[in-house]
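Trainee: structure of the sequence below:
(2 chains)
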Amino acid sequence: MENLLVITIGAALVNNVVLSQFLGLCPFLGVSKKVETAAGMGGAVIFVITLASLVCGIIEKFILVPANLDYLNTIVFILIIAALVQFVEMFLHKSMPALYNSLGVYLPLITTNCAVLGIALKNVQNGYGIIAGTVNGMFTAIGFAISIIILAGIREQIQYNDFPEAFKGSASVLITAGLMAIAFFGFSGII
Amino acid sequence: MNKCMERLYNGILKENPTFVLMLGMCPTLAVTTSAMNGIGMGLSTTVVLALSNLLISMLRNVIPDRVRVPSFIVVVASFVTMVQFLVQGFVPSLYDSLGIYIPLIVVNCIILGRAESYASKNPPLPSLFDGIGMGLGFTCSITIIGAFREFIGAGQVLGHQVLPIADMASGTPGYVPVTIFVLAPGAFFVLGSLTAVINAINNHKKAQGKKVKAAQGCGACPSKDSCPSANSAEGCSGEAKAAKAPKTEAPKAEGTTETEKKVEE
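Mentor: I've put the predicted structure just below:
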């Protein structure tokens, strides 16, 4: 239990997936213009990563390892993730239209979010079991959601500021992200 | 052979994936803590890019159009797994420092982007050189970023101490390393500043009335129709949000097809 607590705090805050591991930068920079869309993206990522960590953990433990095929995990995981995202999308479309309307548009973008594959592979590398891996995936995704929502909030505040001409657009966003990364260093004392 | 040289030039300078197209940002920021890591990552990516371009180009008339994206992913993932084992076997120190970013070459959008926009439409030889050119362009840019961060952050070039480090205790004068540049925030700062420099150059050219290719965003990107991340960029996501249309076969192509429809209207 104590171990899981360490994993949750480490995954969500200390080793923040975007700001210290640079996974999932494309949506982080691309979909962070408004808090509302950032929250939608964050929600979709939490949903997909949690599910993908669970499924990849199960497949790794019950199929790949017993068959001595664990060296194929990169190929297998990326296909699982692509299929899973497609499946989740169809399922939500049919059975939960309300949730689909809020998350649906972000789902296709997530297949190639490198955080999903990155976390599935990290779970294997760190030797997490199915439960620890799922918890790790879920809280890593929560860390992603926290940072993308904070960035979107900052961008809403600064969008009318008077930047130097050259820093307009993605340059200012990258500098903002750098400052956030410094702020997140403050969490490293927790564990 | 002329065409092949043109592809090399195109990849390294004209359409440099990092500085001009702004593709593949995750490895660009993550592994550039030193120039050596940049070279290692760049060359691994080059090998995967060249071989997958070659194979996809050879198979371009065999792969059915509807399942092409999953097929490309399988081809790329196979080559990445091979490269991963080669690096692990022959350069274990590099493998340790690059870690998870080697398997993550699979989701580097430079590779899928080139497969979709060039290799699937052109004969094998030019595709091979296109892959090599793009890969070398990527290698050059991340090596430059890595060298810059290593020099400022630790006073080293390729692992050799070129600036003597100041010693506070004994009072020896010397260079005080700006450690933050080898840590995570430094990556954002260096890339942000480089983007600003490129913007400034483009603005300057624009002011002189020259035709300029925009430095960033999906608008100028030649592989925007295929690049998975094109959908997540600001301009495109609004479009995708507006249109909640039935799903297509390839989820990644969806946002862009919607965009194209809008344009046609």
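Trainee: who in the stretch 51-200 of chain B is up against chain A?
Mentor: B:70, B:73-74, B:77-78, B:80-81, B:84-85, B:99-100, B:103-104, B:106-109, B:112, B:180, B:183-189, B:191-193, B:195-197, B:199-200 (C-beta under 8 Å from any C-beta of the partner chain). The C-beta positions use only the backbone N, C-alpha and C, and glycine is treated the same way.
Trainee: pull out the buried members of those residues.
Mentor: B:70, B:73, B:77-78, B:80-81, B:84, B:99-100, B:103-104, B:106-109, B:112, B:180, B:183-189, B:191-193, B:195-196, B:199 (16 or more other C-beta atoms under 10 Å in any protein chain shown).
Trainee: in helices, which of those appear?
Mentor: Residues of these located in helices (DSSP state H): B:70, B:73, B:77-78, B:80-81, B:84, B:109, B:112, B:184-189, B:191-193, B:195-196, B:199.
Trainee: and the gap between residue A:80 and chain B?
Mentor: Going from residue A:80 to chain B by C-beta to the nearest C-beta, to the nearest Å gives 12 Å.
Trainee: all strands of chain A, in order?
Mentor: Here chain A has no strands by DSSP state E.
Trainee: which other helices and strands does the longest helix seen in it contact?
Mentor: Counting residues, the longest helix in chain A under DSSP H turns out to be helix A:130-158. When contacts are defined as 3 or more C-beta pairs under 8 Å, 6 or more residues apart in numbering or on different chains; DSSP states H and E, helix A:130-158 sits against helix A:2-9, helix A:25-30, helix A:35-59, helix A:114-125, helix A:170-185.
Trainee: buried sites along that helix?
Mentor: Per 16+ other C-beta under 10 Å, helix A:130-158 contains these buried residues: A:130, A:132-152, A:154-155.
Trainee: how far does it sit from its chain's centre?
Mentor: Its chain's C-alpha centre and that of helix A:130-158 lie 6 Å apart, by C-alpha atoms, centre = their mean, to the nearest Å.
Trainee: cool, and stretch B:16-29?
Mentor: Distance, stretch centre to chain centre, for stretch B:16-29: 4 Å (C-alpha atoms, centre = their mean).
Trainee: so for it, mean pLDDT?
Mentor: Averaged over stretch B:16-29, pLDDT sits at 77.
Trainee: okay, and the helix or strand of chain A with the least pLDDT?
Mentor: Lowest on mean pLDDT, DSSP states H and E among the helices and strands of chain A sits helix A:107-110, with a mean of 72.
Trainee: what packs against that helix?
Mentor: helix A:35-59, helix A:73-95, helix B:251-264.
Trainee: average pLDDT across the shortest one?
Mentor: Meaning helix B:251-264. 40.
Trainee: what about residue A:140, distance to residue A:100?
Mentor: Residue A:140 sits 24 Å away from residue A:100, taking C-beta to C-beta, to the nearest Å as the criterion.
Trainee: reformat the helices and strands packed on helix A:130-158 as CSV; add distance to chain B, mean neighbour count and mean pLDDT.
Mentor: Shown next, in CSV, are the helices and strands packed on helix A:130-158 (distance: least, C-beta to the nearest C-beta, whole Å; neighbours: other C-beta atoms under 10 Å in any protein chain shown; pLDDT from 0 to 100):
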stretch, distance to chain B, mean neighbour count, mean pLDDT
helix A:2-9, 17, 13, 80
helix A:25-30, 4, 26, 80
helix A:35-59, 7, 22, 87
helix A:114-125, 4, 25, 86
helix A:170-185, 3, 20, 87
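Trainee: which stretch among the ones you listed comes nearest residue B:11?
Mentor: Nearest of the helices and strands packed on helix A:130-158 to residue B:11, taken as C-beta to C-beta: helix A:25-30 at 20.9 Å.
Trainee: let's see the pLDDT reported for residue 60.
Mentor: By default, I'm working from chain A. pLDDT, residue A:60: 87.
Trainee: that's the other chain; I wanted chain B
Mentor: pLDDT at residue B:60 comes out at 86.
Trainee: circling back to that earlier point, angle of the longest helix of chain A against helix A:114-125?
Mentor: If you take axes from the mean of the first three to the mean of the last three C-alpha atoms, to 10 degrees, helix A:130-158 sits at 150 degrees to helix A:114-125.
Trainee: taking helix A:170-185 as reference, get the angle to helix A:130-158.
Mentor: Using the same axes, to 10 degrees: helix A:130-158 against helix A:170-185 is 130 degrees.
Trainee: if we can go back for a sec, for the helices and strands packed on helix A:130-158, could you give me a markdown table that also reports distance to residue B:41?
Mentor: Below are the helices and strands packed on helix A:130-158 laid out as a markdown table (distance: least, C-beta to C-beta, whole Å):
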| stretch | distance to residue B:41 |
| --- | --- |
| helix A:2-9 | 28 |
| helix A:25-30 | 15 |
| helix A:35-59 | 24 |
| helix A:114-125 | 14 |
| helix A:170-185 | 20 |
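Trainee: which ones are touching the residue nearest to the spatial centre of chain A?
Mentor: Geometric centre of chain A, nearest residue: residue A:141, 4.1 Å, by C-alpha atoms, centre = their mean. Going by C-beta atoms under 8 Å, 6 or more residues apart in numbering or on different chains, residue A:141 touches A:17, A:42, A:45-46, A:48-50, A:115, A:119.
Trainee: let's see it at 7 Å
Mentor: A:45-46, A:49-50 (C-beta atoms under 7 Å, 6 or more residues apart in numbering or on different chains).
Trainee: likewise residue A:71?
Mentor: residue B:81.
Trainee: how far away is it from residue A:64?
Mentor: Residue A:71 is 9 Å from residue A:64, by C-beta to C-beta.
Trainee: same question, residue A:50
Mentor: Taking C-beta to C-beta, one finds residue A:50 at 20 Å from residue A:64.
Trainee: can I see the domain layout of chain B?
Mentor: With domains defined by automatic domain parsing, chain B comprises B:2-162+B:176-207, B:221-265.
Trainee: now the ones you listed as JSON lines including distance to residue A:24?
Mentor: Output for the domains of chain B, formatted as JSON lines (distance: least, C-beta to C-beta, whole Å):
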{"stretch": "domain B:2-162+B:176-207", "distance to residue A:24": "8"}
{"stretch": "domain B:221-265", "distance to residue A:24": "10"}
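Trainee: looking at these, which one is packed in the most?
Mentor: domain B:2-162+B:176-207 (a mean of 20; mean count of other C-beta atoms under 10 Å in any protein chain shown).
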